[in-house]
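Engineer: here's a sequence, model it:
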Amino acid sequence: MAAEKSNRIRLAWLSPRSLWRTTDWIGPQEIRRTERWLATARVFLAISALIAVWVDPGEIRSIWAYALLAFYIAQGTAIIFLLRSRQQSTAAFRVLVHAADIVWPALICLLTTSQSNPFFLFFLFVLAAAAYRWGLWETVMTAVSAVSLLWLESLALHVGVIHPINAWLQHHRLPVLNVDLVDYEPKRLFMRSVYLIVMALLLGYLAEQQKKLRAEREEAARMLGRVSIEAGLTGTLTEIVGALLRLYGAPRALIASREGGTGRMSVGVVQLKNDIALLTWQEPGPAGADIYLGDLATSSCYVQSRASAGHQEFVSIALGDDGAITSDADSAVLQRFAEVHPFHRMLALSFSPSPELSGRVFLLEPQLASSAEEELRFLQDLARQVGPAVYNVYLLRRLRRRAGALERARLVRDLHDGAVQSLIGVEMQVDVLRRSDLIAEPVSDELERIQKLLRDEVAKLRELMQQMKSVDVDGQKLPGFLRDAVQRFQRETGIAATFLMDEGEVVLSQPVCRELARIAQEALVNVRKHSGAKQVFVHLLHSDGSWELVVEDDGAGFPFDGRIAQSELDRSSRAPAVIRERARLIQGELTIESRPGRGARIEVRVPQP
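Structural biologist: Sure, this is the predicted structure:
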């Protein structure tokens, strides 16, 4: 237990590896504007110091302070004009200006009464400038440099360096430097050094946090910019997950989603090739929901895995929906995932912009930018901001599907009232003509062949129309729909078809009923096209707390002999792909029994909620 706690503490304070929040992501124009603002503040500070001296001339000991302030103002003004004339500010220029800002306070404080006067603001300005330009460590180094200069001045004064300088000034009839050694006593200087270091830590820390927040907002804005209606849901997810791969230096990511209405589950693998994100969809399998969307008892988590004593151990940091640290992620869920996708480090983020869409993103082998807890909070905020935009793309896709369904329904009506009726009329005319006594037998045979072709085309058109129709079936409508489909199949094909159903109310969700109806339609189409059967039975049975759809015929059967269950069908792809996919969508158990030359039997078992 103690070892596990130690591991968690170690994980919570991971050293930064990719400081994407503190990299120089600010553009040249923004850097130029920042330097202009600092130059303006520099001039304002110097003018304010002059006003303070004018109000209380006793603040300075030598007239040389006026010369230094005048030079400081001239420096700030020159920097403003340089920045206005140049298109950008180079890093060397900024370092040079900052070094001058460190030196001037140390010089000015020699000529003032005490470092608690307004001139001490020059030290604060240079610390604020370092925090504004860079971050924490640069600000601390600035404070260390300023403190070092003060101690060097103290050493120089105590060894008597000031006397030769004053002698030289008196020889040339110039004002002397009136320096008070009391201000540079070690005790006072130590306290002032502590003030500067503490102020540097405070300003640097605040600036660092502000820059991190700004970098995260910029990154979230870039992610939102990748949401594209034209690219669709797949393209949008590819771009967003690809950006996360670049951000964390991860080689691979997985995204698993599930639609609440249909229960349909999708799993995709995103990889970068030549810095281009590529998404590959893969089959989640019967256990996909448990592997990818199992209950981790957390909203997001960072996990490290390691082998110990012949088994795999997981050390994790987990956050709840409210951002609070929760208990470790469920190791059983992690174990199932690791068996399919082995990893050493992993970031997992759950998202659910609405009850209709939920999922989880897995980043494998990420290189963290800071502590794991901070990264998880950032990813949670990112999901809250980007999730609604992605959900809007999802809704638009559903709207387009619905519009497509309405258009297909209109097309079905047009086909029924137009092409199908015309073909039936032509077939009837050919039949009348074939039965006429004026037609010779060879011509009659040819007309019979044409009549059969017309009947086949009418049957194909009707099957196409049935497939194009939107199937809105619930538990109450499913038996009637299957009965009508079987009767229509018998009328159109001449194959004897029977529908049987157990007594009882069908308690299944609408998406499940819809897929069962489609499976029955697809099975009947396959019987007509491929089996050569003379009789078909469609059963809807209830047993052991589940419903079972059975389609059985006495035709040619499948090209294998025996009974094959779901797992083997997924590996061998022997079942019709459409039926196998629809059974997977509703978490159904598909079984096919084939007797070559004697028929086949398709069973789809669905548990009743």
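Engineer: strands of the stretch 401-550 of the chain, start to end?
Structural biologist: Secondary structure of the stretch 401-550 of the chain (DSSP state E, counting those that start in this stretch): strands at 496-501, 535-543, 546-553.
Engineer: wait, Ala523 touches Ile579, no?
Structural biologist: Yes. Between Ala523 and Ile579 there is a contact at 6.6 Å, judged by Cβ atoms under 8 Å. Every C-beta, even on glycine, is put in place using the N, C-alpha and C of the backbone.
Engineer: find residues that contact each of those two.
Structural biologist: Ile602 (Cβ atoms under 8 Å, 6 or more residues apart in numbering).
Engineer: and the strands of the stretch 401-550 of the chain: which comes nearest Asp295?
Structural biologist: strand 546-553 (23.2 Å; Cβ to Cβ).
Engineer: buried sites along that closest one?
Structural biologist: Using 16 or more other Cβ atoms under 10 Å as the test for burial, strand 546-553 gives Trp547, Glu548, Leu549, Val550, Val551, Glu552, Asp553.
Engineer: specify the beta-bridge partners of the last one.
Structural biologist: What it means is Asp553. Counting by DSSP bridges, Asp553 is bridged to Val536, Ala600.
Engineer: Ile325 pairs with what?
Structural biologist: Assigned bridge partners for Ile325, using DSSP bridges, are Leu319.
Engineer: I'd say Leu541 and Val551 touch.
Structural biologist: No. In terms of Cβ under 8 Å, Leu541 does not count as a neighbour of Val551; the distance is 11.9 Å.
Engineer: returning to that earlier point: any chance of a markdown table for the strands of the stretch 401-550 of the chain, columns mean pLDDT and distance to Gly135?
Structural biologist: Shown next, in a markdown table, are these (pLDDT from 0 to 100; distance: least, Cβ to Cβ, whole Å):
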| stretch | mean pLDDT | distance to Gly135 |
| --- | --- | --- |
| strand 496-501 | 89 | 72 |
| strand 535-543 | 88 | 68 |
| strand 546-553 | 88 | 62 |
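Engineer: nearest to Arg434 among these would be which one?
Structural biologist: For the strands of the stretch 401-550 of the chain, proximity to Arg434 was assessed by Cβ to Cβ; strand 496-501 is nearest, at 26.1 Å.
Engineer: let's see the closest one as CSV, backbone CA atoms only.
Structural biologist: Extracted C-alpha coordinates of strand 496-501, given in CSV (Å, rounded to 0.1, in the frame of the first residue of the first chain):
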residue,chain,number,x,y,z
ALA,A,496,-44.1,-20.6,-49.7
ALA,A,497,-43.4,-18.4,-46.6
THR,A,498,-44.7,-18.7,-43.1
PHE,A,499,-44.4,-16.4,-40.1
LEU,A,500,-44.7,-17.8,-36.6
MET,A,501,-44.4,-15.9,-33.3
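Engineer: tell me the angle that strand makes with strand 535-543.
Structural biologist: Orientation of strand 496-501 against strand 535-543 (axes from the mean of the first three to the mean of the last three Cα atoms, to 10 degrees) gives an angle of 10 degrees.
Engineer: show residues contacting strand 496-501.
Structural biologist: Here strand 496-501 has contacts from 479, 482-483, 486-487, 489-490, 524, 534-541, using Cβ under 8 Å, 6+ apart.
Engineer: same thing but at 7 Å, please
Structural biologist: With contacts defined as Cβ atoms under 7 Å, 6 or more residues apart in numbering, strand 496-501 is touched by 479, 482-483, 486, 489-490, 534-540.
Engineer: kindly give a single PyMOL line that selects the buried subset of these.
Structural biologist: This is how PyMOL selects the buried members of the contacts of strand 496-501, with burial counted by 16+ other Cβ under 10 Å:
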select buried, resi 479+482+486+489+490+536+537+538+539+540
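Engineer: among the contacts of strand 496-501, which two are most distant?
Structural biologist: Pro479 and Lys534 (24.9 Å).
Engineer: where does the stretch 1-150 of the chain dip in pLDDT?
Structural biologist: 1-27, 58-62, 87, 111-118 (pLDDT under 70).
Engineer: so where do the strands sit in it?
Structural biologist: When assigned using DSSP E, counting those that start in this stretch, the stretch 1-150 of the chain turns out to have no strands.
Engineer: compute the number of surrounding residues for Ala52.
Structural biologist: 16 (other Cβ atoms under 10 Å).
Engineer: how close does it get to Met199?
Structural biologist: For Ala52, the distance to Met199 (Cβ to Cβ, to the nearest Å) stands at 20 Å.
Engineer: coming back round to it: ok, which pair from the buried residues of strand 546-553 is furthest apart?
Structural biologist: Pairwise across these, and taking Cβ to Cβ, the largest span is found between Trp547 and Asp553, at 20.7 Å.
Engineer: for Arg226, grab phi and psi.
Structural biologist: phi -80, psi -10 (degrees, to the nearest 10).
Engineer: residues contacting it?
Structural biologist: Counted by Cβ under 7 Å, 6+ apart, Arg226 has contacts Thr236, Glu239, Ile240, Ala243.
Engineer: how much space separates the last one from Asp553?
Structural biologist: Spelled out, it's Ala243. With Cβ to Cβ as the criterion, Ala243 and Asp553 are 52 Å apart.
Engineer: check contacts around the residue nearest to Phe125 when sequence neighbours are not counted.
Structural biologist: Among residues not flanking Phe125 along the chain, Leu45 sits closest, at 5.5 Å (Cβ to Cβ, 6 or more residues apart in numbering). Shown in contact with Leu45 (Cβ under 7 Å, 6+ apart): Leu121, Phe122, Phe125.
Engineer: filter those residues down to just the buried residues.
Structural biologist: Phe122, Phe125.
Engineer: the contacts of Leu45 in helices, which ones?
Structural biologist: Leu121, Phe122, Phe125 (DSSP state H).
Engineer: ok so, going back, can you list the buried residues of strand 546-553 in CSV and add distance to Leu516?
Structural biologist: CSV is the format used below for those (distance: Cβ to Cβ, whole Å):
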residue, distance to Leu516
Trp547, 8
Glu548, 10
Leu549, 5
Val550, 11
Val551, 11
Glu552, 16
Asp553, 18
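Engineer: and which of the residues you listed is nearest Val432?
Structural biologist: Out of the buried residues of strand 546-553, the member with the shortest distance to Val432 (by Cβ to Cβ) is Asp553, at 33.9 Å.
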